[in-house]
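[1] what follows is a predicted protein model with its sequence.
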There are 4 protein chains.
Amino acid sequence: MIKLLITGGTIDKCYNELNGELHFPQTHLPEMLEQTRCTLEINSEVLMLKDSLEMTDADRKILQQACAISAEQQLVITHGTDTMVQTAEHLARQPLNKTIVLVGAMLPYKIGGSDALFNLGCALTAVQLLPHGIYITMNGKIFDWDKVHKDTTVGVFK
Amino acid sequence: MIKLLITGGTIDKCYNELNGELHFPQTHLPEMLEQTRCTLEINSEVLMLKDSLEMTDADRKILQQACAISAEQQLVITHGTDTMVQTAEHLARQPLNKTIVLVGAMLPYKIGGSDALFNLGCALTAVQLLPHGIYITMNGKIFDWDKVHKDTTVGVFK
Amino acid sequence: MIKLLITGGTIDKCYNELNGELHFPQTHLPEMLEQTRCTLEINSEVLMLKDSLEMTDADRKILQQACAISAEQQLVITHGTDTMVQTAEHLARQPLNKTIVLVGAMLPYKIGGSDALFNLGCALTAVQLLPHGIYITMNGKIFDWDKVHKDTTVGVFK
Amino acid sequence: MIKLLITGGTIDKCYNELNGELHFPQTHLPEMLEQTRCTLEINSEVLMLKDSLEMTDADRKILQQACAISAEQQLVITHGTDTMVQTAEHLARQPLNKTIVLVGAMLPYKIGGSDALFNLGCALTAVQLLPHGIYITMNGKIFDWDKVHKDTTVGVFK
């Protein structure tokens, strides 16, 4: 059983037709999982839906506690890419003895040409195969949390 | 460096507007890889483009040899799902000392709601993390080649 | 009020994941109309769901009668492109005193890059503006039924 | 020959992966026209690419002059929906003796479930069939410019 903790980020961004801005009316993860034909047992939970630039220490505390109390040993966290590394660092402060994979997207799931489903596939596979620790899967690569940064000039994790 | 061997299958199926049938005018893998923002070094090669129900022993021989001569130790093979297990079995007859992951899709990449990108993410991640052997990644799961079959009544690998 | 008579054709073709062939499990017109944010009053009716190459004289008789008994003066018919002109000719044999627009698609609605929604927009607009008669809207053009043919070598109506 | 004047609006909005905001890097109209398989002769021109809330009187002056000097008698204008009626009113101040149809979208072309292609089909059909005057095509309906407003609470033209 895999725990899927949802925090928002670009994956879940949506166009608001009434005001022309981006917002987070709801998560798309259930719809995404259905599209993948994934038969893994996944226990999803929406912790928050926000741009990762707006994540506070309080949000990260909520996320950390959700990781800590999770009965599952394999956790995937959807997260905005801008502060994903910062959140990973936050989670690493306390020993969790679990395999935790953070993942996001550069383009929202709902926009043509999105990388969201690919990235989700990477994260759900990595979490099944990796030993305990905190990781980030982006751009097809698997990174240890403390050996990665987002190059914001090109929008790529290195 | 990952070797990507392309053989066709549902992933690459396309609608032929002139006669209303499905065909394989070209592979979509380069377009898919671009969409994924994948920064892995991937060496792609199209071996054939066919429905896996039409794969012959000669085709499987070509595939086996491409695996054998590949300088890369990590290989992903795109393949139709109907005979994917049969091909995996064929590849397993000779020791290859490489990590080989077969992957396909239930719905073509070009059709709305496809699982192709998700599955590709699973395969490219699995091939980086698994020991030598032959595997199939479908439905979010990672299978040893000799412990899986496609349940054709529901279209799911078990 | 516009009558929408649905007969199938490429618009409604779908990929059958279980056998890898194209089929017509149901019409997509309600989903399409929802996507268009169309606020016209439209009375939809599925007469049949088939490839127009398989339409019989009996099918055309059913369609003709549906047109004849329709209380609405404005009718749009979705139809496969291969025999669309032939069906229009059939409908023209009896005076209907209505505005009838036939429309189809070169690529199914469910496949990326489809012309289906565009064509539907053309048909629903044309039927509101044209005098009584039988027309075909394809490739952005409005044709009188007796001044058009499908050039099957390039898949374009002329 | 139809003149297509492009001013931006939701149709052309795009997600900027580097900063997570919506922007207008280029118009999608050529790509859209290709997708439609439209064989009409269309002469496209990008006048500006902006959210219609940011259109100034100077912008509307540019648009009006482009309409006035156009050799074509049939003009379609892509425009943001928020001030589309206002721009139509501006254009109506001077007699143009042409058929002008304004059109936009509630959801960008690049976002799944967009109404953009449908609306484009409506506009390109309406402009071929309507007498001289200024019109708006949205939600499948054809409106005289002075008998329509956008109900911003539900995002529908009435």
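    That came through, no problem. No experiment lies behind these values; they were computed from the predicted model shown.

[2] close to chain B: what parts of chain A are there?
    By C-beta under 8 Å from any C-beta of the partner chain, the residues of chain A that approach chain B are A:35-40, A:106, A:113-115, A:117-122, A:124-126, A:128-130, A:137-142, A:155-158. (Each C-beta comes from the backbone N, C-alpha and C, glycine too.)

[3] filtering these by proximity to chain D, which remain?
    Okay, of the residues of chain A next to chain B touching chain D (C-beta under 8 Å from any C-beta), that's A:106, A:113, A:155.

[4] what subset of these is buried?
    A:106, A:155 (16 or more other C-beta atoms under 10 Å in any protein chain shown).

[5] name the nearest of the ones next to chain D among the residues of chain A next to chain B relative to residue D:101.
    residue A:113 (29.5 Å; C-beta to C-beta).

[6] Throw the ones next to chain D among the residues of chain A next to chain B into JSON lines and include secondary structure, pLDDT and distance to residue A:7, thanks.
    Formatted as JSON lines, these follow (DSSP: H, G, I helix; E, B strand; the rest coil; pLDDT from 0 to 100; distance: C-beta to C-beta, whole Å):
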{"residue": "A:106", "secondary structure": "coil", "pLDDT": "97", "distance to residue A:7": "16"}
{"residue": "A:113", "secondary structure": "coil", "pLDDT": "95", "distance to residue A:7": "23"}
{"residue": "A:155", "secondary structure": "coil", "pLDDT": "92", "distance to residue A:7": "19"}
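
[7] and residue A:30, what element?
    Residue A:30 belongs to helix A:29-36 when assigned by DSSP states H and E.

[8] so which residues on chain A come close to chain C?
    residue A:112.

[9] from the centre of chain A, give me the residue that's furthest out.
    Ranked by distance from the centre of chain A (C-alpha atoms, centre = their mean), the top residue is residue A:18, with 27.6 Å.

[10] for chain A, what's the longest strand?
    Counting residues, the longest strand in chain A under DSSP state E turns out to be strand A:42-50.

[11] CA atoms only for the very next helix or strand once past that strand - export them in CSV, please.
    Using DSSP H and E, the helix or strand that follows strand A:42-50 in sequence is helix A:57-69. The C-alpha coordinates for helix A:57-69 follow below in CSV (Å, rounded to 0.1, in the frame of the first residue of the first chain):
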residue,chain,number,x,y,z
ASP,A,57,6.4,26.3,7.9
ALA,A,58,3.0,25.4,9.3
ASP,A,59,2.1,23.7,6.1
ARG,A,60,5.4,21.8,6.2
LYS,A,61,4.7,20.8,9.7
ILE,A,62,1.3,19.3,8.7
LEU,A,63,3.1,17.4,5.9
GLN,A,64,5.8,16.1,8.2
GLN,A,65,3.2,14.9,10.7
ALA,A,66,1.2,13.2,7.9
CYS,A,67,4.4,11.4,6.9
ALA,A,68,5.2,10.4,10.5
ILE,A,69,1.8,9.0,11.3
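
[12] what strands line up against the helix or strand just after helix A:57-69, and which way round?
    Once the chain leaves helix A:57-69, the next helix or strand it forms, by DSSP H and E, is strand A:74-78. Paired neighbours of strand A:74-78 in the sheet (DSSP bridges): strand A:2-8 (parallel), strand A:99-103 (parallel).

[13] mean confidence score for the last one?
    Per-residue confidence for strand A:99-103 averages out to 98 on the pLDDT scale.

[14] next one: stretch A:76-84 to chain centre, how far?
    4 Å (C-alpha atoms, centre = their mean, to the nearest Å).

[15] contacts for that stretch?
    Identification of contacts with stretch A:76-84 by C-beta atoms under 8 Å, 6 or more residues apart in numbering or on different chains yields A:2-12, A:29, A:50-53, A:55, A:63, A:67, A:87, A:100-106, A:120, A:123-124, A:127, A:136, A:138, A:150, A:152, A:155, A:157, D:20.

[16] ok, back up a step: ok, and for the helix holding residue A:30, which residues are buried?
    Of all the residues in helix A:29-36, those buried under the rule 16+ other C-beta under 10 Å are A:29, A:32-33, A:35-36.

[17] can you check stretch A:106-125 too?
    Those would be A:106-111, A:114-125, for stretch A:106-125 by 16+ other C-beta under 10 Å.

[18] could you report the pLDDT at residue A:107?
    pLDDT, residue A:107: 97.

[19] which residue, other than its chain neighbours, is closest to the residue in chain A that chain B sits nearest to?
    In chain A, the residue that lies nearest chain B is residue A:121 (2.7 Å; C-beta to the nearest C-beta). Closest residue to residue A:121 in three dimensions, ignoring its sequence neighbours and counting by C-beta to C-beta, 6 or more residues apart in numbering or on different chains: residue B:121, at 2.7 Å.

[20] who does the helix or strand that neighbour falls within touch, helix- and strand-wise?
    Taking DSSP H and E as the definition, one finds residue B:121 inside helix B:116-129. Applying 3 or more C-beta pairs under 8 Å, 6 or more residues apart in numbering or on different chains; DSSP states H and E, one finds that helix B:116-129 makes contact with helix A:29-36, helix A:116-129, strand A:141-144, strand B:2-8, helix B:29-36, strand B:74-78, strand B:99-103, strand B:133-138.

[21] now stretch A:53-64: how far from the chain's centre is it?
    So, by C-alpha atoms, centre = their mean, the centroid of stretch A:53-64 is 13 Å from its chain's centroid.

[22] quick one: average pLDDT of that stretch?
    Rounded mean pLDDT across stretch A:53-64 is 96.

[23] stretch A:71-85 too?
    On average, stretch A:71-85 scores 97.

[24] list the buried ones in that stretch?
    For stretch A:71-85, using 16+ other C-beta under 10 Å, the buried residues are A:72, A:74-85.

[25] then stretch A:139-158?
    By neighbour count on 16+ other C-beta under 10 Å, the buried set for stretch A:139-158 is A:139-143, A:145, A:148, A:150, A:155-157.

[26] quick one: the closest residue to residue A:5 other than its chain neighbours from residue A:129, how far?
    Leaving aside its chain neighbours, residue A:5 sits nearest to residue A:77 (4.6 Å; criterion: C-beta to C-beta, 6+ apart). Residue A:77 is 17 Å from residue A:129, where distance means C-beta to C-beta, to the nearest Å.

[27] same check on residue A:114?
    Counting by C-beta to C-beta, the gap from residue A:114 to residue A:129 is 24 Å.

[28] show me the residue at the heart of chain A, geometrically.
    Most central in chain A (C-alpha atoms, centre = their mean) works out to residue A:78, at 1.7 Å.
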